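>>> return a 3D structure for these sequence lines:
(chains A and B)
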Amino acid sequence: MSIEVSDGNESNEVVQLGPITGVMVAIRDIAEALSKYRLAVIFGWQDVAQRYRRSRVGAFWLTLNMAVFIGALGLIFGTLFQSEMRHFLPYVCAGIITWSFISTSVSEGCSTFISSQGIILQVRMPLFTHVMRAMWRNIIIFSHNIIIFPIVAIAMGFQINFNILWSIPGFFLLCVNLTWIMLILATLCARYRDMSQVVANILQVLFYATPIMWMVKALPGHVSHAFIQWNPVYHFLELVRAPLLGAAPTIQDWSVSVAVAVIGWAFAIVFFGRYRWRIAYWL
Amino acid sequence: MGVRYRLLWALSLAHSILVVEMSLIQLKKVSVEFPIYNSSSRSLKNRVLSIATGGKIERRSDGLVIVRGLDNISLTFQDGDRIGLIGHNGSGKTTLLRVLSGIYTPTNGSSVIEGHCVSLININLGIDPDATGRENIRLRSAMMGMHPREITEKFDQIADFSGLGDFLDVPFRTYSSGMQLRLAFATSTAVRPEILIMDEWLSTGDEDFKERANERMRELVNSTQILVLASHSRQLLEKNCNRIVWLEHGRIKMDGIPSEVLPAYFGN
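Below you'll find the predicted structure:
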């Protein structure tokens, strides 16, 4: 192998066709991944099944953890804010379950390509498959956790109405948004390994800045609501949480989320198309 | 617009029915360069700092090293080619295998790979030690790109060949290493790709199984249209290949029939 140290200016004498980049590369990869969706489904299930093999309750361990967490936080903050438990606990419950879905998806998005290194370097399969696998795994875990909500609602005597059905398309739109974020982060983190810590930090801040543990109406009058309205994560959260709590979704939540999805995906496709070929070299 | 697309679609369908698909690998002036990152160039923080400080200090201490794994390789493999790949460690064999299987995109030059390609490099990929043998057959098959229908079709045959019997229902990690190898081998050799890429021959187990395993390997190799086999064993290459490519320092040193290249490489 010949080794050379680049001195900054990369001039190749032989002008040749370089790697093909561009939007089509990304679209082809994603389309192929979607047509081979079974791979992502099988291995996403497999990730969850591993937890079941080690203990009989399996992924419900996480659910149990989360139930305790929600109960404790609900009691502490409910008492601090002097809120009515009957409303506050279901609110915190729906919020935390949805939030933890968002935050684990995003943070696992960072490690998606890195942890699939063994596969990527040996088997030719669309790279988006790995993102779909991580997404699917998190959807399964979310559906474990969401069971807590009806239990809390019933225990608190909280009224659920038909608006709850809106949470299904809302959840779908949320997933559409999360996948583009994960795709970009997976690519970025394969190159810059300290990026995942930055993301973890951002998520931590978002957890407090977004009304999850506190209600929008608890905001003092002199504080502008702008930082909530401009926070896309708030709208993502509301897509699922508002219908769970019996409120019809607002046009604002939906239009912001759709707009973010369209812009985000357009960017993600351009970005992924440009750097896709390098990912194997970065690993 | 719609009509034209439908016409194109019909044409391509007719094409795939009428013409027996030929496999082809064509590399034109392919070079592969690896940037070698150290921990500092892997860091976003350092990158930002280096931009902020004008990039001078960083670049001097950083000196991004580029390794050229492959240098100006042109090769064409067609149906019926049985290619043996030889070369010393670090000569670029693994890199070339990865280019051929479409994992690495050449940094220069162009590569065309037509045909379903499977690489049997790590035959344990996809196996989960905690899952049972049965589940692992499915997982491993899926990892190699088999369709669920195909897996169902071949399942009995794989289970049969592994000879594991009732052990298929207990977790993979409880197997002896010989049994683990058998399962991985039986599953991995059930594929029927058009292009097969291997790093060393797969052989396994006790004498009795070895014979059957070799038989099965030959069957697999004979059914593929293009075989690329990297190996250090002269005997193996003589037996299976009709063309040998000798790599050195990422370049092709020799490319020809086995009776010419092998003596030159191994000595007489």
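
>>> buried sites along the longest helix anywhere in chain A?
Within chain A, and with DSSP state H defining each element, the longest helix by residue count is helix A:85-115. Counting neighbours by 16 or more other CB atoms under 10 Å in any protein chain shown, one finds that the buried residues in helix A:85-115 are A:88-113. In short, each C-beta sits where N, CA and C put it, glycine included.

>>> for stretch A:23-37, same thing?
Within stretch A:23-37, the residues scored as buried using 16+ other CB under 10 Å are A:25-26, A:29-30, A:33, A:36.

>>> pLDDT on stretch B:177-192, on average?
Averaged across stretch B:177-192, pLDDT comes to 86.

>>> is stretch B:250-260 in proximity to chain A?
Yes: using CB under 8 Å from any CB of the partner chain, stretch B:250-260 reaches chain A at residue B:250.

>>> and that stretch, how far apart are its ends?
End-to-end distance of stretch B:250-260: 20 Å, with CA to CA, to the nearest Å as the criterion.

>>> contacts for that stretch next, please.
For stretch B:250-260, the surrounding residues in contact (CB atoms under 8 Å, 6 or more residues apart in numbering or on different chains) are A:1-2, B:32, B:68-73, B:75, B:84, B:87, B:91-92, B:95, B:237-238, B:241-247, B:261, B:264-265.

>>> ditto for stretch B:222-231
Contacts to stretch B:222-231, defined as CB under 8 Å, 6+ apart, come from residues B:22-23, B:25, B:77-86, B:93-94, B:97, B:100, B:115, B:192-201, B:221, B:236-237, B:240-241.

>>> flag every buried residue along that stretch.
By neighbour count with 16+ other CB under 10 Å, stretch B:222-231 contains the buried residues B:224-231.

>>> cool, and stretch A:228-240?
A:228, A:231-240.

>>> tell me how many other residues crowd the closest residue to residue B:242 other than its chain neighbours.
Leaving aside its sequence neighbours, residue B:242 sits nearest to residue B:82 (CB to CB, 6 or more residues apart in numbering or on different chains; 4.8 Å). Residue B:82: 21 surrounding residues under other CB atoms under 10 Å in any protein chain shown.

>>> quick one, helices of chain A?
A:23-35, A:37-54, A:60-81, A:85-115, A:117-120, A:128-145, A:148-155, A:167-191, A:195-209, A:226-229, A:232-244, A:251-275, A:279-282.

>>> same check on chain B?
For chain B, the helices defined by DSSP H occupy B:2-18, B:44-52, B:56-62, B:93-100, B:133-143, B:148-162, B:177-188, B:207-223, B:234-240, B:258-266.

>>> worst mean pLDDT among those helices?
Set side by side, the helices of chain B give their lowest mean pLDDT on helix B:56-62, at a mean of 47.

>>> sorry, back to before: any idea how far the residue nearest to residue B:242 is from residue B:224?
9 Å (CB to CB, to the nearest Å).

>>> again with residue B:211
In terms of CB to CB, residue B:211 sits 21 Å off from residue B:224.

>>> same deal with residue B:38?
Taken as CB to CB, the span from residue B:38 to residue B:224 is 41 Å.

>>> picking up where we left off before, using CSV, lay out the helices of chain B together with distance to residue A:130.
Formatted as CSV, these follow (distance: least, CB to CB, whole Å):
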stretch, distance to residue A:130
helix B:2-18, 29
helix B:44-52, 21
helix B:56-62, 30
helix B:93-100, 17
helix B:133-143, 12
helix B:148-162, 20
helix B:177-188, 21
helix B:207-223, 28
helix B:234-240, 34
helix B:258-266, 39
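
>>> buried sites along stretch B:104-117?
B:104-111, B:113, B:115-117.

>>> export only the CA atoms of it, formatted as CSV.
C-alpha atoms of stretch B:104-117 as CSV (Å, rounded to 0.1, in the frame of the first residue of the first chain):
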residue,chain,number,x,y,z
TYR,B,104,-16.8,0.7,-1.1
THR,B,105,-17.5,3.1,-3.9
PRO,B,106,-14.3,3.8,-5.7
THR,B,107,-12.9,7.3,-5.0
ASN,B,108,-11.7,7.4,-8.6
GLY,B,109,-12.8,5.5,-11.6
SER,B,110,-16.0,3.7,-12.2
SER,B,111,-17.4,0.3,-11.2
VAL,B,112,-20.3,-1.6,-12.7
ILE,B,113,-21.6,-4.6,-10.9
GLU,B,114,-24.5,-6.5,-12.5
GLY,B,115,-26.0,-9.5,-10.8
HIS,B,116,-27.0,-10.5,-7.3
CYS,B,117,-23.8,-10.5,-5.2
